[in-house]
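> Here's my sequence, what's the structure:
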Amino acid sequence: MSLLWITNGVTLDGEAAPFLIQDGVFTRHEGTAPAGADVLDAAGGLVLPPFVEPHIHLDTALLQEEEENKSGTLQEGISIWSRLQQELTEEDVTARAETVIRELMANGVLAARAMVDISDPKQTALPALLALKERVAPSFQLQLTGFPQQGLSSSERKRQLEAAAAAGVDALSAVPHLEASVQAGRDSLAFCFDTAEVYGTDVHIFCDETDDPSSRFIETAAGETIRRGMQGRVTLSHCNAMEHYDDAVMASLLPQLKEAAIRLVVCPLINTAVIGRTPGSPAGRGIMPVRKLLQAGIPTACAHDDLKSPFYPLGSASMLQAAHMLAHAAQLTSAEEMRQLIRMISTEGAQIMGQNGTLEPCAPGDCIILPVSGAADALRLQPKPRWVVRGGSVLVETIPEETSFSKEGVGV
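Presented below is the predicted three-dimensional model:
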């Protein structure tokens, strides 16, 4: 029997509570550490469910230095990636993905959903990441979404999506706002949903990632979900155009999203950088209207997304960095809103990936311990976890840095 006792920890709601993980699951236990238990002293730090990255690109990660995106636009990023994609090898994709996963784990992430571009005629990235998914499974849950960056307008693109589904991806995607017409965008969504029904996958759409307020494929996606009875299996990322919808459109849309039980993913790092660069585009914050969505009870998670890619030159694999950006972009700075930001990078993402995402009894014994006592300091300081625990065993340990001042040099 394995026992891990976490003492002197604080929950997100500020309650002091010990935690016992027995044989890989959280277990109720009052009093002191049971005999024979390993002990972690949280020293007043936050004990949280592991962070979850619900939308990331492993195939494009760490390629930023190969060719610079000088305009900073999504369109130039797509153009650069289309060229670099032709030179990929499975070994290179695997090595870069492994590096990112290690960085994610060091930052407290134990699960991620990766968007894999399947538009490459050579299909280099997908088999590499499918193999990596199996290899890292004991310590890291990796889900893969077949993502057609070049759209689904041709029979070849559709065949590629079907092949990805047959190969075993967890979700299928479409990019309707990049298709040649509104009808072509709707058709791409219908085909994606059709294929997901045949193969039993989830659906995870890149939706309305544009400044254009007339882009309303989110309504089509909600309608397809309801019509097919696929509630709980559909996630939409980006949805930037929603920021510019008028009140009448939002009043109609929000009930549709609730009926469809759709989950949303906001990507604040890349979208505050790339959205709004089109000349004459509406001025905004570059993200979906998160406050309105939360107030309406729409499940919304936060993603880090790109990491040193042709689309976005920055990123640190820290979910706290993404949440910190979202605090500013969405103006979520009250005490409860900052706690909600932490949930958006943990519990909400876990729900997308079909995980428990809690510290309740009988939940998997996975958690992280941050060296801060509350959500505000977690967002402000963005520390790495002191410990990352998987199944009741310490998977990653980070020794906190210490700064010392010479007596002569301080002056305060």
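> Confidence-wise, which helix or strand of the chain is lowest on average?
Least confident helix or strand of the chain, by mean pLDDT, DSSP states H and E, is helix 407-410 with a mean of 66.
> first to last residue in stretch 240-247, what's the distance?
End-to-end distance of stretch 240-247 (Cα to Cα, to the nearest Å): 16 Å.
> quick one: low-confidence ranges for the stretch 151-300 of the chain?
Low-confidence segments of the stretch 151-300 of the chain (pLDDT under 70): 281.
> Please repeat the previous calculation with a cut-off of 50.
Of all residues in the stretch 151-300 of the chain, none has pLDDT under 50.
> so where do the strands sit in it?
171-172, 202-207, 234-238, 263-266, 300-302 (DSSP state E, counting those that start in this stretch).
> Same question for the stretch 301-412 of the chain.
Per DSSP E, counting those that start in this stretch, the stretch 301-412 of the chain carries strands over the ranges 367-370, 387-390, 393-397.
> out of those, deepest packed?
Neighbour counts (mean count of other Cβ atoms under 10 Å) averaged over each of these peak at strand 367-370, with a mean of 26. (C-beta placed from N, C-alpha, C; glycine too.)
> which strands and helices sit next to that strand?
Judged by 3 or more Cβ pairs under 8 Å, 6 or more residues apart in numbering; DSSP states H and E, strand 367-370 is in contact with strand 46-48, strand 387-390.
> Quick check: Arg159 vs Pro255, distance?
37 Å (Cβ to Cβ, to the nearest Å).
> I meant Ile262, not that one.
12 Å.
> More neighbours: these two, which one.
Ile262 (26 against 11; other Cβ atoms under 10 Å).
> Distance-wise, check that one relative to Gly185.
17 Å.
> quick one, the longest strand anywhere in the chain and strand 393-397 angle?
Ranked by residue count and defined by DSSP state E, the top strand of the chain is strand 109-117. On the basis of axes from the mean of the first three to the mean of the last three Cα atoms, to 10 degrees, strand 109-117 is oriented at 70 degrees to strand 393-397.
> residue contacts, Ala114?
Taking Cβ atoms under 8 Å, 6 or more residues apart in numbering, we find Ala114 in contact with 56-59, 97, 129, 142-145.
> Give me the neighbour count for the residue nearest to Asp246 when sequence neighbours are not counted.
In this structure, Asp246 finds its nearest non-sequential neighbour in Pro213, 7.9 Å apart by Cβ to Cβ, 6 or more residues apart in numbering. Neighbourhood size, Pro213 [other Cβ under 10 Å]: 17.
> where exactly do the helices run in the stretch 1-150 of the chain?
74-85, 90-106, 125-136 (DSSP state H, counting those that start in this stretch).
> Any chance of those in JSON lines with mean pLDDT and distance to Ile218 as columns?
As requested, those are exported to JSON lines (pLDDT from 0 to 100; distance: least, Cβ to Cβ, whole Å):
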{"stretch": "helix 74-85", "mean pLDDT": "92", "distance to Ile218": "18"}
{"stretch": "helix 90-106", "mean pLDDT": "98", "distance to Ile218": "28"}
{"stretch": "helix 125-136", "mean pLDDT": "98", "distance to Ile218": "27"}
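> Can you check which of those gets nearest to Asp366?
Closest to Asp366 of the helices of the stretch 1-150 of the chain is helix 90-106 (Cβ to Cβ; 11.6 Å).
> Pull the distance from that closest one to the chain's centre.
16 Å (Cα atoms, centre = their mean, to the nearest Å).
> Which strands and helices lie in contact with that helix?
So helix 90-106, by 3+ Cβ pairs under 8 Å, 6+ apart, packs with strand 51-56, strand 109-117, helix 125-136, strand 393-397.
> what comes up buried for the third one?
Okay, so that is helix 125-136. Using 16 or more other Cβ atoms under 10 Å as the test for burial, helix 125-136 gives 125-126, 128-130, 132-133, 136.
> That one packs against which elements?
helix 90-106, strand 109-117, strand 141-147, helix 155-167.
> where in the stretch 1-150 of the chain is pLDDT low?
Looking at the stretch 1-150 of the chain by pLDDT under 50, you get an empty list.
> Could you report the distance from the nearest residue to Gly276 once chain neighbours are set aside to Leu269?
Sequence neighbours aside, Gly286 is the residue nearest to Gly276 in space, at 5.4 Å (criterion: Cβ to Cβ, 6+ apart). Gly286 sits 10 Å away from Leu269, going by Cβ to Cβ.
> okay, the two: which has more neighbours?
Neighbours per residue, other Cβ under 10 Å: of Gly286 and Leu269, the larger number sits with Leu269, 23 against 19.
> Is it correct that the more buried one is in contact with Asp305?
Yes. Using Cβ atoms under 8 Å, Leu269 is in contact with Asp305, at 6.1 Å.
> still on that earlier bit, okay, the strands of the stretch 151-300 of the chain in JSON lines with mean neighbour count next?
Formatted as JSON lines, the strands of the stretch 151-300 of the chain follow (neighbours: other Cβ atoms under 10 Å):
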{"stretch": "strand 171-172", "mean neighbour count": "27"}
{"stretch": "strand 202-207", "mean neighbour count": "27"}
{"stretch": "strand 234-238", "mean neighbour count": "26"}
{"stretch": "strand 263-266", "mean neighbour count": "25"}
{"stretch": "strand 300-302", "mean neighbour count": "27"}
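> Good, we can wrap up now.
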